[in-house]
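Trainee: only geometry, no sequence info:
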């Protein structure tokens, strides 16, 4: 048995409890908005959900630190930390769109070793441990075998509140003419898990936070995919991501765009 299995067991249980809580509150019109910008929303429910998750995890592992979208805790030099996004897809959730998930990763000495992503509306739990296969509800999953861009389904985000907007739209248009379909789910983690399961083939995002993709990265790589993260700030928490099934000529296609 993997030495990380007990962490996954705790994370899966916490994610399931959080997911049940989110299902119960989904579709209500009384969700309190803590913070709103032109293109994003933070709900009080984000904080409540993270607190629920952390309470659950602390019962089993009280010494593990936390890096979460809704706050961090524990020793700054802790060897182990949970990386949590309580609701990846908050805007979807707020508008009643049933595409969102709970994300929990474990980082040991700077290395991601466990990922759990739970979609409460589809009741799908994606998970993986370092060195092992990726699973969805206990069934092993693998990335697609597609190697032709013309057959690919790709998620390509384009920023709206940073300097990546114009370039992102240009990239979206360029790729749209070269692939079968473009998709934007509104959840980075689910998009990456869909690549892991062979449903999508690639993901590109210019501005993303570590908690948005950490858990899904473990799952994607365990399923045979590739993810490259380029930090854009010293903390290493925010940056750009490209991810794919390892077979598409994605980087070559993007290089051709940059040279155009």
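Mentor: The structure has been received and is ready for your questions. Not measured: the values here are computed from a predicted model.
Trainee: ok, residue 249 touching residue 146?
Mentor: No. Between residue 249 and residue 146 there is no contact under C-beta atoms under 8 Å: 11.0 Å. (Glycine included, C-beta is placed from N, CA and C.)
Trainee: tell me the span between the first and last residue of stretch 128-147.
Mentor: Stretch 128-147 has an end-to-end distance of 24 Å (C-alpha to C-alpha, to the nearest Å).
Trainee: buried stuff in it?
Mentor: 128-130, 132, 134-136, 141, 143-144, 146 (16 or more other C-beta atoms under 10 Å).
Trainee: got the contact list for it?
Mentor: The contact list for stretch 128-147, computed with C-beta atoms under 8 Å, 6 or more residues apart in numbering, reads 2, 4-5, 8, 111-115, 123-127, 152, 193, 195-199, 201, 218-225, 245-249.
Trainee: this structure - how does it break down into domains?
Mentor: Using automatic domain parsing, the domain parsing of the chain gives 5-141, 149-259.
Trainee: how about those domains in CSV, adding mean pLDDT?
Mentor: Below are the domains of the chain laid out as CSV (pLDDT from 0 to 100):
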stretch, mean pLDDT
domain 5-141, 90
domain 149-259, 91
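Trainee: if you skip the residues just before and after it, what's nearest to residue 136?
Mentor: residue 126 (5.2 Å; C-beta to C-beta, 6 or more residues apart in numbering).
Trainee: kindly report the same for residue 141.
Mentor: Going by C-beta to C-beta, 6+ apart, residue 141 has residue 197 as its nearest residue, at 4.5 Å.
Trainee: any idea which helix or strand carries residue 18?
Mentor: Using DSSP states H and E, residue 18 sits in helix 5-25.
Trainee: which helices and strands sit right next to that helix?
Mentor: helix 44-60, strand 80-88, strand 101-108, strand 111-119, strand 124-129 (3 or more C-beta pairs under 8 Å, 6 or more residues apart in numbering; DSSP states H and E).
Trainee: mind putting those in CSV, distance to residue 258 included?
Mentor: Formatted as CSV, the helices and strands packed on helix 5-25 follow (distance: least, C-beta to C-beta, whole Å):
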stretch, distance to residue 258
helix 44-60, 36
strand 80-88, 29
strand 101-108, 31
strand 111-119, 29
strand 124-129, 32
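Trainee: residue contacts, the spatially most central residue of the chain?
Mentor: Most central in the chain under C-alpha atoms, centre = their mean is residue 189, positioned 2.2 Å from the mean C-alpha point. Going by C-beta under 8 Å, 6+ apart, residue 189 touches 85, 88, 101, 103, 117, 212-213, 215-216.
Trainee: now do 6 Å
Mentor: For residue 189, the contacting residues are 88, 101, 103, 117, 216, by C-beta atoms under 6 Å, 6 or more residues apart in numbering.
Trainee: any idea how far the fourth one lies from residue 188?
Mentor: So that's residue 117. 10 Å (C-beta to C-beta, to the nearest Å).
Trainee: who has more neighbours, those two?
Mentor: Between residue 117 and residue 188, counted using other C-beta atoms under 10 Å, the more crowded position is residue 117 (31 against 25).
Trainee: I figured the more buried one was touching residue 191, is that so?
Mentor: No. Contact criterion C-beta atoms under 6 Å: residue 117 and residue 191 do not qualify, at 10.6 Å.
Trainee: leaving out sequence neighbours, find the closest residue to residue 217.
Mentor: Using C-beta to C-beta, 6+ apart, the closest residue to residue 217 is residue 227 (5.0 Å).
Trainee: any idea whether the one you found is helix, strand or coil?
Mentor: strand (DSSP: H, G, I helix; E, B strand; the rest coil).
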